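Chemist: Take this sequence and fold it.
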Amino acid sequence: MTSNPHVTHYDEIDVFALFRSVWRQKLLVGLVAASCGVLAAIYVFSVTPEYEVSTMLRPAAINDLDELNRTKIYSLPPNAALKRVGSALDSYDTRLGYFRSNPSLQAAFMRDGHTLEQAFEDFNSKALKLIQPNPKKIDSLKPFIGLDMRYPEGLDGKSVLNGLVQYAIESERKQISKDLEVLVRNRIKEVDAELEVLHIDYVANKDGRVARLLEADSLKRAKLNDELKALRLQLKIRRENRIAQLSEAISIAHSLGLKRPSTPSIMGQSESSGNVIRTEVINQQLPLYFMGTEALEAEQRALRKRTSDDFVDSRIAEIRKELSLLENNRNVQILRSRQNEELFLKGIEPLRAERLRLAAISTDMSKLQLVNIDRLAADPVNPVWPKKTLILISGMTFGVFIGILLALVRALLIVRRKGSNYSELGRLQIISSENKSPIAFG
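Modeler: Below is the predicted model:
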């Protein structure tokens, strides 16, 4: 088969031809771009503008937390206080509580058919953003907590964000007050328990001391009574022995005829005229019967009439004196007569001082400066959405792209259609040349 030189192949695309075709359709491209630009403008001026405000918190000064830290039972450094407030700002409960307490905020995020919880979810997930320092950057050396809020037009975003920060701070103040109150109450209970232990220990020691004193007195009294009884028995036996000795001496004196005191030398001499009593000094003790019957019988009668021998021995008087002193133990009386026993408790002064200090601690932390608000939220100048210029340029750019695409498709369709017509013409020429019969084309 011989190829026909008159047949032109249109399967290949001429880029320059397409470009010229698109250029010839610049009106179409312009109309599409203008339409997209109009749609973008309609969107820009019909959508509700959104604004953004932000605030920044930094650690409070040390003296701002001095009132709390001086309690010595609750320690809260500035950085810890900042983290605590940051956790409150990021807390679901804190945000929900503030959302429920702010009707204007509810109205701004409420949509038709949405519940209050769904409106809060929009506010919580889309409107708020907590910012913390990046530990990998140098700025992290300066601790801070940032909070951004995006809100629709018509809402006082500055007041809402500042109100949320104050709500979180106040919430933490109340929690700290509750915690401090519990700690103070528990510590006072501990001090009271220690005071009670001291009092119980004192009473036990006092009772033990009284018991020991009374026991010592009882023991001493029993020993003294035993000694007194033994002494009296001893003296009685001595008296009975003396009476027996006197009876024997009286018997001897009767047998010797001695009525009055005498000596061996006098007995050896004859009695002189008159009654003469002689004495002599010798180194040896004379027998008892030399006293004579009269003296001996007188002594014997006196001993038998004696009812008590206590006066004979001075030790008995001492024992009776000691027994009299044991009748009343002054130490026991003083211990039992104490009125204010707490004055005698050992170690009570520090505990009393601690209890007074704890009772004087104020748990009202409503004025506690937990953080330093480095930057309050301020009214924004321009909305962050929509970005009018960007959207208009993007819309028109998109319109130009769509217009060029439509022009290219239209140009390709035209080229395809022309190519089909020329292909059909070439096929008819080939058939006519084979049949050698000319075919006229109108």
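Chemist: Residue 198 - nearest residue in space that isn't next to it in sequence?
Modeler: Once flanking residues are discounted, residue 198 sits nearest to residue 345: 4.7 Å by C-beta to C-beta, 6 or more residues apart in numbering. The C-beta positions use only the backbone N, C-alpha and C, and glycine is treated the same way.
Chemist: The one helix or strand residue 193 maps to - contacts with which helices or strands?
Modeler: According to DSSP states H and E, residue 193 maps onto helix 157-256. Other elements packing on helix 157-256 under the criterion 3 or more C-beta pairs under 8 Å, 6 or more residues apart in numbering; DSSP states H and E are strand 50-59, helix 78-89, helix 92-100, strand 145-152, helix 293-305, helix 314-325, helix 330-336, helix 348-359.
Chemist: and it, how far from the chain's centre?
Modeler: 38 Å (C-alpha atoms, centre = their mean, to the nearest Å).
Chemist: if you average pLDDT over that helix, what comes out?
Modeler: Confidence over helix 157-256, taken as the mean pLDDT, stands at 92.
Chemist: Now do that helix against helix 92-100: the angle between them, please.
Modeler: Using axes from the mean of the first three to the mean of the last three C-alpha atoms, to 10 degrees, the direction of helix 157-256 lies 130 degrees away from that of helix 92-100.
Chemist: can you list the weak-confidence ranges in the stretch 301-442 of the chain?
Modeler: Scanning the stretch 301-442 of the chain for pLDDT under 70 picks out 386, 388, 415, 418-442.
Chemist: hmm, 90 instead?
Modeler: 306-313, 325-349, 351-352, 362-368, 374-375, 377-442 (pLDDT under 90).
Chemist: which of the residues in stretch 30-50 are buried?
Modeler: 32, 33, 36, 37, 40, 44, 50 (16 or more other C-beta atoms under 10 Å).
Chemist: Hmm, the third one is touching residue 398, no?
Modeler: Yes - applying C-beta atoms under 8 Å, one finds residue 36 in contact with residue 398, separated by 5.4 Å.
Chemist: Please report how far residue 190 lies from residue 344.
Modeler: According to C-beta to C-beta, to the nearest Å, residue 190 and residue 344 sit 22 Å apart.
Chemist: right, I mislabeled it, should have said residue 357
Modeler: For residue 357, the distance to residue 344 equals 23 Å [C-beta to C-beta].
Chemist: list the contacts for residue 32?
Modeler: 399, 400, 402, 403, 406 (C-beta atoms under 8 Å, 6 or more residues apart in numbering).
Chemist: which of those residues are buried?
Modeler: Buried members of the contacts of residue 32, counted by 16+ other C-beta under 10 Å: 399, 400, 403, 406.
Chemist: Just the element for the second one, please.
Modeler: Right, residue 400. Counting by DSSP H and E, residue 400 is part of helix 388-435.
Chemist: Chain neighbours aside, what residue packs nearest to residue 40?
Modeler: Residue 40's closest residue in space is residue 395 (C-beta to C-beta, 6+ apart), at 2.6 Å.
Chemist: Near the one you found, how many other residues are there?
Modeler: 22 (other C-beta atoms under 10 Å).
Chemist: right, and it touches residue 34 too?
Modeler: No - judged on C-beta under 8 Å, residue 395 makes no contact with residue 34 at a distance of 9.9 Å.
Chemist: Got the phi and psi for residue 43?
Modeler: In terms of degrees, to the nearest 10, the main-chain angles of residue 43 are phi -60, psi -50.
Chemist: my guess is it contacts residue 391, does it?
Modeler: Yes - the criterion here is C-beta under 8 Å, and residue 43 meets it with residue 391 at 6.8 Å.
Chemist: got the contact list for the nearest residue to residue 192 once chain neighbours are set aside?
Modeler: With C-beta to C-beta, 6+ apart as the criterion, residue 192 has its nearest non-adjacent residue at 7.2 Å, and that residue is residue 355. Listed by C-beta under 8 Å, 6+ apart, the contact set of residue 355 reads 188, 191, 192, 195.
Chemist: Next: residue 232.
Modeler: 309, 310, 316.
Chemist: Grab the nearest non-local neighbour of the second one.
Modeler: Nearest residue to residue 310 in three dimensions, chain neighbours excluded: residue 316, at 4.6 Å (C-beta to C-beta, 6+ apart).
Chemist: give me the number of residues near the one you found?
Modeler: Neighbour count for residue 316, taken as other C-beta under 10 Å: 18.
Chemist: now do residue 178
Modeler: Residue 178 is flanked by 12 other residues according to other C-beta under 10 Å.
Chemist: Just want to check the distance between it and residue 187.
Modeler: 15 Å.
Chemist: Return the distance of stretch 370-389 from the chain's centre.
Modeler: With C-alpha atoms, centre = their mean, you get 38 Å for stretch 370-389.
Chemist: Need the residues that contact that stretch.
Modeler: So stretch 370-389 is contacted by 43-44, 47, 49-61, 64-65, 81-82, 84-85, 144-145, 149-150, 153, 157-158, 161-162, 165, 169, 172-173, 176 (C-beta under 8 Å, 6+ apart).
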